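Q: Return atomic coordinates for the entry below.
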Amino acid sequence: MDKYRVTLTAEERGELEHLVSVGKGAARRLTHARILLLADTDAGGGHTDDEIVAALGVGLCTVGRVRRCLVTAGLPAALDPRPQPPRPGQVKIKGDIEQRLIELACSDPPEGRCHWTLQLLADELVVLGLVEAVSTETVRQALKKTTSSRGSSKRGASRPRPTPSTSGAWRT
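A: Take a look at the predicted model:
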């Protein structure tokens, strides 16, 4: 037994059939409309989830999710994608905070440590009150932007090596 049984009204079925027959629209929206048409129990018994998966080439979870969304939230919610949650600001560490981070990374590490770790730097930024919360990945990206390297006065992780001459000339 299906937990969410799809029963479309004549108006909803007509709207979905028109949407599929026109064929213009987002592929996801058209696929969800086809799933609902095949899952409709009033139009001829409805198909099982496995038959819908085989017919449309979608995942079993997708079929179950579309069924559930129709029953719980209605037809518009089942057809249209949910809006994405708002993304946080792209760069959390910039300007004065970035400068302070670089100063911290170049300073002596805390007592009992031989060097700064990304987690120690992130925790120190929070303790100093420069940021509310920050991940180690954000700290890593901020430090990667700079051209400083702890191991050398030159930039980059590996130093360029002189290429041997292929001219066959004598070395002097």
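
Q: can you give me the helices for this structure?
A: Per DSSP state H, the chain carries helices over the ranges 10-22, 27-39, 49-56, 60-73, 75-79, 96-106, 118-127, 136-145.

Q: Show residues contacting the fifth one.
A: It stands for helix 75-79. Helix 75-79 is contacted by residues 12, 15, 19, 29, 32-33, 36, 66, 69-70 when judged by Cβ atoms under 8 Å, 6 or more residues apart in numbering. All C-beta atoms are positioned from the backbone trio N, CA, C, and that covers glycine.

Q: got the buried residues for that helix?
A: Buried residues in helix 75-79, counted by 16 or more other Cβ atoms under 10 Å: 75, 78-79.

Q: quick one: that helix to chain centroid distance?
A: 23 Å (Cα atoms, centre = their mean, to the nearest Å).

Q: Likewise for stretch 25-42?
A: Worked out by Cα atoms, centre = their mean, stretch 25-42 lies 26 Å from the chain centre.

Q: cool, stretch 135-148 as well?
A: That offset, for stretch 135-148, works out to 20 Å (Cα atoms, centre = their mean).

Q: got it, and stretch 43-54?
A: 32 Å.

Q: With stretch 128-138 instead?
A: Using Cα atoms, centre = their mean, the offset of stretch 128-138 from its chain centre is 21 Å.

Q: quick check: domain ranges of the chain?
A: 10-79, 96-145 (automatic domain parsing).

Q: so where's this structure shaky on pLDDT?
A: 1-2, 45, 88-91, 146-172 (pLDDT under 70).

Q: just to revisit the earlier point, using PyMOL, define a selection of the buried residues within the contacts of helix 75-79.
A: If you want just the buried ones from the contacts of helix 75-79 in PyMOL, going by 16+ other Cβ under 10 Å, the selection is:
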select buried, resi 12+19+32+33+36+66+69+70
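
Q: With distance to residue 86 as extra columns, can I get the domains of the chain in a markdown table?
A: Formatted as a markdown table, these follow (distance: least, Cβ to Cβ, whole Å):
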| stretch | distance to residue 86 |
| --- | --- |
| domain 10-79 | 19 |
| domain 96-145 | 17 |
